[in-house]
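Student: I need the structure of the sequence given here:
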Amino acid sequence: MNQIINLDKINEVRQWLLSKKKYLSDIPLDLDLIENDVVDSLSFVEYVLVIEEISGKEVVVDDTVLDKVRTLDRVQLHYMQ
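Tutor: Numbers count the residues shown, from 1 in each chain. Purely as a prediction, here's the structure:
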């Protein structure tokens, strides 16, 4: 049951990203969101806030944050469990 809830949460993040990038039809869990400009410097803060809102966990912005939010897989690993 927990796995399903976690997938629902990561799908909420995915849907938010898709709403911002209308040219995308899907976002694979392992897609590098930063390298592929799905998340850019202008949307990064909003992206972090969305992760916090959906997960209920604080995203500490430090030297490791980019690695933790670079892909949806990593977001799920670090914030949706």
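
Student: contacts and neighbour counts: CA atoms only from here.
Tutor: Will do.

Student: just checking, what's the longest helix in this structure?
Tutor: For the chain, the longest helix by residue count, based on DSSP state H, is helix 2-20.

Student: starting at the chain centroid, how far to the helix or strand following it?
Tutor: Per DSSP states H and E, the first helix or strand lying C-terminal to helix 2-20 is helix 44-55. Computed by Cα atoms, centre = their mean, to the nearest Å, the chain-centroid distance of helix 44-55 equals 7 Å.

Student: same check, this time on stretch 14-31
Tutor: How far stretch 14-31 lies from its chain's middle: 10 Å, per Cα atoms, centre = their mean.

Student: and the longest helix of the chain with helix 44-55, angle?
Tutor: 150 degrees (axes from the mean of the first three to the mean of the last three Cα atoms, to 10 degrees).

Student: what helices or strands is helix 2-20 leaning on?
Tutor: helix 44-55, helix 72-79 (3 or more Cα pairs under 8 Å, 6 or more residues apart in numbering; DSSP states H and E).

Student: Out of those, the one nearest residue 29 is which?
Tutor: Among the helices and strands packed on helix 2-20, helix 72-79 comes nearest to residue 29, with 4.8 Å by Cα to Cα.

Student: Pull out the buried positions in the closest one.
Tutor: Buried residues in helix 72-79, counted by 16 or more other Cα atoms under 10 Å: 72-76, 79.

Student: for stretch 48-57, same thing?
Tutor: 48, 50-52, 55.

Student: do stretch 29-37 as well
Tutor: For stretch 29-37, a neighbour-count test (16+ other Cα under 10 Å) marks 29, 32-34 as buried.

Student: Could I get those residues in CSV, plus columns for pLDDT?
Tutor: Formatted as CSV, the buried residues of stretch 29-37 follow (pLDDT from 0 to 100):
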residue, pLDDT
29, 96
32, 98
33, 98
34, 97
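
Student: Between these, which sits nearest residue 15?
Tutor: Distance to residue 15, by Cα to Cα, is smallest for residue 29 among those, at 12.2 Å.
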